[in-house]
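In: with the sequence up front, the predicted model follows.
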Amino acid sequence: MITVALAKGALLKDSVRRFAAAGLDFAAVLEPGNRQLMVPSACGTARALLVRNADVPVYVAYGQAQLGVVGYDVLREQPLPVAQLVDLGFGGCRMSVAVKASSPYRRAADLPAHCRIASKFTRCAEAYFEALDLPVELIHLAGSVELGPITGMSEAIVDLVATGRTLEENGLVAIEDLFHSTARLVGHPLALRLDGGELQAIVDRIAAVSVAPVPAAVA
Ligand SMILES: Nc1ncnc2c1ncn2[C@@H]1O[C@H](COP(=O)(O)OP(=O)(O)OP(=O)(O)O)[C@@H](O)[C@H]1O
Ligand SMILES: O=P(O)(O)OC[C@H]1O[C@H](OP(=O)(O)OP(=O)(O)O)[C@H](O)[C@@H]1O
């Protein structure tokens, strides 16, 4: 029985489509009103664990799932011993530094020393500002980080930007990108090493199939 950790949020529809194209049907996880967190595939040879995005690598690292789908940003923020197997292409976004549109700062390196930076991704932010040799005070938030500069709590944020609408509607602008992120197929290294071929066949099929992403309006 192969277990796959799938993130419940923005990546779920595209993840299910990609596995379906590779022969594993997890469509039951998308059924309206589904509250089941461990869902068998239609053929019964696999099952999906429905977890929070940030928890996908945790289940894979501990071996409870042999495969998982998660945003690259999560892998950067919380390095865990999982193997990155396939760049799935969907879930594209950037990890960016943003400030109020009225801010005088247009480069991260120009931000004042010891200024506050709000983020859900404080490890990524810390590494970035360390590389710039700029000491900053990081404020960890669980979401809606755009409110940091709006309320005056922070000078800037480090956050994901996809369409740019959230920044725009909150009067912020991106001034620098840390990296680009897409969804990744990850695997448990030992499970892959001990695999008799079944896991690798799924990985190969997922790598081979190209599926157009679900349009944002229906995702
Ligand atoms: N507009 C976007 N905003 C955020 N993430 C996006 C966006 N577009 C693509 N992604 C990718 O989708 C992944 C999952 O995003 P989602 O919002 O579902 O998770 P999350 O914010 O980590 O969820 P939660 O904290 O509720 O578990 C992100 O890690 C990122 O890789
Ligand atoms: O550029 P856009 O297409 O507007 O997308 C970016 C927004 O999406 C994410 O938030 P999410 O919806 O995950 O909520 P969160 O703020 O609670 O993390 C991210 O943190 C931005 O706020």
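Out: Perfect, thanks for sending it. Ligands and ions are numbered 1, 2, ... in the order given.

In: distance check, the nearest residue to residue 148 once chain neighbours are set aside against ligand 1.
Out: Once flanking residues are discounted, residue 148 sits nearest to residue 118: 3.1 Å by CB to CB, 6 or more residues apart in numbering. The way it works is simple: take the backbone N, C-alpha and C, and place the C-beta from them, glycine included. Per CB to the nearest ligand atom, to the nearest Å, residue 118 is found 15 Å from ligand 1.

In: next up, phi/psi of residue 118, please.
Out: Per-residue torsions, residue 118: phi -100, psi 140 (degrees, to the nearest 10).

In: going forward, count from 460.
Out: Noted, 460 is the first residue going forward, which turns the last one into residue 577.

In: so it is in contact with residue 612, correct?
Out: Yes - counting by CB atoms under 8 Å, residue 612 is a contact partner of residue 577 at 6.4 Å.

In: list the contacts of residue 600.
Out: Residues counted as contacts of residue 600 (CB atoms under 8 Å, 6 or more residues apart in numbering) are 577, 578, 579, 607.

In: let's have these in TSV, adding pLDDT.
Out: What follows is the contacts of residue 600, written out as TSV (pLDDT from 0 to 100):
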residue	pLDDT
577	98
578	98
579	98
607	98
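
In: which of these are buried?
Out: 577, 578, 579, 607 (16 or more other CB atoms under 10 Å).

In: report the two of these separated the most.
Out: The span of the buried ones among the contacts of residue 600, defined through CB to CB, is set by 579 and 607 at 10.7 Å.

In: for the residue nearest in space to the middle of the chain, what are phi and psi?
Out: What sits nearest the mean C-alpha location of the chain, by CA atoms, centre = their mean, is residue 530, with 2.3 Å. Phi and psi for residue 530, reported as degrees, to the nearest 10, are phi -70, psi 140.
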